[in-house]
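>>> task: produce atomic coordinates for the following.
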Amino acid sequence: MSILENTISRGSAAYHANRDGMLALIDRMRALEERTRAASAAAKDRFHKRGQLLPRERVALVLDPGAPFIELSTLAGYMFDVPDAAKSVPGGGVIAGIGFVSGIRCMVSASDSGIDAGALQPYGLDKTLRVQELALENKLPYVQLVESAGANLLRYRVEDFVRGGNIFRNLARLSAAGLPVVTVTHGSSTAGGAYQTGLSDYIVMVRGRTRAFLAGPPLLKAATGEIATEEELGGAEMHTQISGLGDYLAEDDRDALRIAREIMAALEWERPARASPEFKPPRYDQDELLGIMPMDHKRPVDMKQVIARIIDDSDFTEMAPNYGPATVCGHARIEGQAIGIITNNGPLDPAGANKATHFIQACCQTRTPILYLNNTTGYMVGKAYEEAGMIKHGSKMIQAVTSATVPQITIYCGASFGAGNYGMCGRGFHPRFCFSWPNAKTAVMGGEQAAETMAIVTEAAAARRGKPIEKDKLDAMKAQIVGVFDGQMDVFSTSARVLDDGVIDQRDTRAVLSEVLAICREGNARSPQRMQFSVARP
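The predicted structure follows:
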């Protein structure tokens, strides 16, 4: 056993400053999530008056009560719907997450039709494509609850139309991979969105509420002169009795969700056992994670203190601790599940990169998933490091990350700058899951470094031309650059752009990791032959 020792002083001023800063960030995140819920719930009277459930009520009813549910990308689109931070409603118009339906672990996606009638919000497309990617990678059945006004034509962009086709392609890919797509069409599913319903394996429609057609009455009349009602064109009764698009006719939302659960219950699909092996919890309080990470990413932190609070019994077998010591690599378990961990107690140097490469390859050899706890300002620079082969060893590390054959999970815990983001399996390297802590920052470099770099370049260019540089203009340029960088590096900016799978409270890290490790393990064990499914159809 290699028990990590506690070095955190809960009574120190630094600890309390870190904790206060972190709680403020968590409060800000929760307030934004609550704003989205409140905006959707404001439609409650309208929904209930017409006999419908709110989107989150639908999600709650389709999921198994009391079972874990990891909601994804709750900050998607923040500040992109409207530029006013006090009025922006994040979430992308989609509620999505991984949970259990009739004992089967699924990806669940629901149109948040309480907001703008379910029209796709900015970055809602990116969020939907990401959750579909997660379903494919982890071999999860896909349950979607559809009621959408489609794209917002007032914000039409041709690239969204073209890229939007990937949603439908992915539905076809899910089905082709043996992953059932179960759809409840609660309301409108029109134009291209009709294929969201049509490209499903099992389709439940609601009497008097479902609408699925390629052209609604106004467009139909404009295009052909034909006059028809919505019910005649694409109502639930027409589609379940005449067109054959719908498989099941429900009387209302509750009935539709009951049918969806019964479809899932009838699937011949492996239900994961919920019993966990015996394990010991961390020896140190997870609440202390709030006070470990400094608000200033330039301040050093011992990431072993983070590891000690998320792994079983705080038992960490470190690899080569005296070689490239700023890069920490080692083995541990989380709720009995084996995992390799790579993290940073400083920049990545040639020895650290070399060690990480070796460790990644060793984990692949033993089929051990890898967790990257990102906290690095990047790879070391300078003459000595260039001579020592920083590019060569850094490239080998990036190659190992890219070629890894085991699930890789990334958590942005602090800074994730420059090529260090790449070497530590940043979002661009397609980790199986990628989450952020509320204090995390991601950028090509710090704003001050970028500003100083451009100032040096500008001064050198002026000197070559023999012209003086005005200090006021130089200072203004530097301030502008710092503002641009600082305005994009925090999680409220990166998560808004769906550059992670969501922001989590540090105290939930162990629970989240336990679930995603189980998801990865189950997905890897599900061979194509075992992914065949059947259901009793009417």
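>>> packing partners of the helix or strand harbouring Lys127?
Using DSSP states H and E, the element containing Lys127 is helix 124-137. Counting contacts by 3 or more C-beta pairs under 8 Å, 6 or more residues apart in numbering; DSSP states H and E, helix 124-137 is packed against strand 94-101, strand 104-111, helix 158-176. No exception for glycine: its C-beta is placed from N, CA and C like everyone else's.
>>> now render these as TSV, adding distance to Gly51, mean neighbour count and mean pLDDT.
Below are the helices and strands packed on helix 124-137 laid out as TSV (distance: least, C-beta to C-beta, whole Å; neighbours: other C-beta atoms under 10 Å; pLDDT from 0 to 100):
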stretch	distance to Gly51	mean neighbour count	mean pLDDT
strand 94-101	21	24	98
strand 104-111	18	25	97
helix 158-176	28	15	93
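>>> could you export these as CSV, including distance to Ile341?
Formatted as CSV, those follow (distance: least, C-beta to C-beta, whole Å):
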stretch, distance to Ile341
strand 94-101, 22
strand 104-111, 24
helix 158-176, 32
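>>> so what's Met293 up against?
Residues near Met293 by C-beta atoms under 8 Å, 6 or more residues apart in numbering: 18, 22, 301, 306, 375, 413-414, 437, 439, 506.
>>> circling back to that earlier point, and the helix holding Lys127 with strand 104-111, angle?
170 degrees (axes from the mean of the first three to the mean of the last three C-alpha atoms, to 10 degrees).
>>> chain neighbours aside, what residue packs nearest to Thr377?
In this structure, Thr377 finds its nearest non-sequential neighbour in Phe417, 4.9 Å apart by C-beta to C-beta, 6 or more residues apart in numbering.
>>> partner residues bridging that neighbour?
Beta-bridge partners for Phe417, by DSSP bridges, are Ala443.
>>> and it, how many neighbours?
Residues contacting Phe417 under the criterion other C-beta atoms under 10 Å number 22.
>>> hmm, it is touching Gly447, no?
No: here Phe417 does not reach Gly447: they are 10.7 Å apart, not a contact under C-beta atoms under 8 Å.
>>> max-length helix in this structure?
Using DSSP state H, we find that the single longest helix of the chain is helix 13-41.
>>> mean confidence score for the helix or strand just after it?
Downstream of helix 13-41, the next assigned helix or strand under DSSP H and E is helix 44-49. Helix 44-49 shows a mean pLDDT of 95.
>>> please state the offset of helix 44-49 from the chain centre?
On the basis of C-alpha atoms, centre = their mean, to the nearest Å, helix 44-49 sits 31 Å off its chain's mean C-alpha point.
>>> please identify the buried residues of that helix?
Phe47 (16 or more other C-beta atoms under 10 Å).
>>> one more: stretch 122-135?
Buried residues in stretch 122-135, defined by neighbour count with 16+ other C-beta under 10 Å: 122-132, 134-135.
>>> what is the mean pLDDT for that stretch?
For stretch 122-135, the per-residue pLDDT averages 96.
>>> output it as PDB, nothing but the C-alphas.
Extracted C-alpha coordinates of stretch 122-135, given in PDB (Å, rounded to 0.1, in the frame of the first residue of the first chain):
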ATOM      1  CA  PRO A 122     -27.000  28.400 -30.300                       C
ATOM      2  CA  TYR A 123     -24.600  25.500 -29.600                       C
ATOM      3  CA  GLY A 124     -27.600  23.200 -29.200                       C
ATOM      4  CA  LEU A 125     -26.500  21.500 -32.400                       C
ATOM      5  CA  ASP A 126     -23.000  20.900 -31.000                       C
ATOM      6  CA  LYS A 127     -24.400  19.600 -27.800                       C
ATOM      7  CA  THR A 128     -26.700  17.100 -29.600                       C
ATOM      8  CA  LEU A 129     -23.800  15.900 -31.800                       C
ATOM      9  CA  ARG A 130     -21.700  15.400 -28.800                       C
ATOM     10  CA  VAL A 131     -24.300  13.400 -26.900                       C
ATOM     11  CA  GLN A 132     -24.800  11.200 -29.900                       C
ATOM     12  CA  GLU A 133     -21.000  10.700 -30.200                       C
ATOM     13  CA  LEU A 134     -21.000   9.600 -26.500                       C
ATOM     14  CA  ALA A 135     -23.800   7.200 -27.100                       C
END
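>>> what's next to it, contact-wise?
Identification of contacts with stretch 122-135 by C-beta under 8 Å, 6+ apart yields 72-73, 76-77, 80-81, 91-94, 96, 98, 107, 109, 120, 140-142, 155, 160, 163-164, 166-167, 170-171, 174, 179, 432-433, 496-498, 501.
>>> check the spacing between the nearest residue to Val131 once chain neighbours are set aside and Leu245 real quick.
Nearest residue to Val131 in three dimensions, chain neighbours excluded: Ala96, at 4.5 Å (C-beta to C-beta, 6+ apart). Distance, Ala96 to Leu245, using C-beta to C-beta, to the nearest Å: 24 Å.
>>> picking that back up, now, the contacts of Met293 that are in strands?
Within the contacts of Met293, residues falling in strands by DSSP state E are 375, 413-414.
>>> wait, what's in contact with the residue nearest to Thr377?
376-378, 441-446.
>>> go again using 6 Å as the cut-off
By C-beta atoms under 6 Å, 6 or more residues apart in numbering, the residues touching Phe417 are 377-378, 443, 445.
>>> what is the mean pLDDT for stretch 331-341?
Averaged across stretch 331-341, the pLDDT comes to 97.
>>> do the same with stretch 52-67
Rounded mean pLDDT across stretch 52-67 is 97.
>>> how about the CA coordinates for that stretch, as CSV?
Below are the C-alpha coordinates for stretch 52-67, written out as CSV (Å, rounded to 0.1, in the frame of the first residue of the first chain):
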residue,chain,number,x,y,z
GLN,A,52,-48.8,18.1,-21.5
LEU,A,53,-45.9,17.6,-19.2
LEU,A,54,-43.0,20.0,-19.0
PRO,A,55,-39.7,18.7,-20.6
ARG,A,56,-38.0,18.0,-17.3
GLU,A,57,-41.1,16.3,-16.0
ARG,A,58,-40.9,14.0,-19.0
VAL,A,59,-37.2,13.3,-18.4
ALA,A,60,-37.9,12.5,-14.7
LEU,A,61,-40.7,10.1,-15.6
VAL,A,62,-38.8,8.2,-18.3
LEU,A,63,-35.8,7.7,-16.0
ASP,A,64,-35.7,5.0,-13.2
PRO,A,65,-36.4,6.8,-9.9
GLY,A,66,-33.4,7.0,-7.6
ALA,A,67,-30.9,5.8,-10.2
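>>> what's next to it, contact-wise?
With contacts defined as C-beta under 6 Å, 6+ apart, stretch 52-67 is touched by 40, 44, 47, 69, 95, 99-101, 110, 112-114, 145, 253, 257, 260.
>>> how about it: buried residues?
In stretch 52-67, counting by 16+ other C-beta under 10 Å, buried: 52-59, 61-64.
>>> cool, and stretch 344-356?
Neighbour-count burial for stretch 344-356, counted by 16+ other C-beta under 10 Å, picks out 344-356.
>>> pick out whichever of those sits closest to Asp313.
Closest to Asp313 out of the buried residues of stretch 344-356 is Asn345 (21.8 Å), distances taken as C-beta to C-beta.
>>> got phi/psi on the closest residue to that closest one other than its chain neighbours?
Nearest in space to Asn345, with sequence neighbours left out and distances taken as C-beta to C-beta, 6+ apart, is Ala326 at 5.0 Å. Main-chain torsions, Ala326, degrees, to the nearest 10: phi -70, psi -20.
>>> residue contacts, Ala326?
Residues in contact with Ala326 (C-beta under 6 Å, 6+ apart) are 345-346, 352.
>>> again with Thr183
Applying C-beta under 6 Å, 6+ apart, the residues near Thr183 are 144, 146, 197, 200, 203.
>>> tell me if I'm right that the third one and Phe213 touch.
No: between Thr197 and Phe213 there is no contact under C-beta atoms under 6 Å: 10.3 Å.
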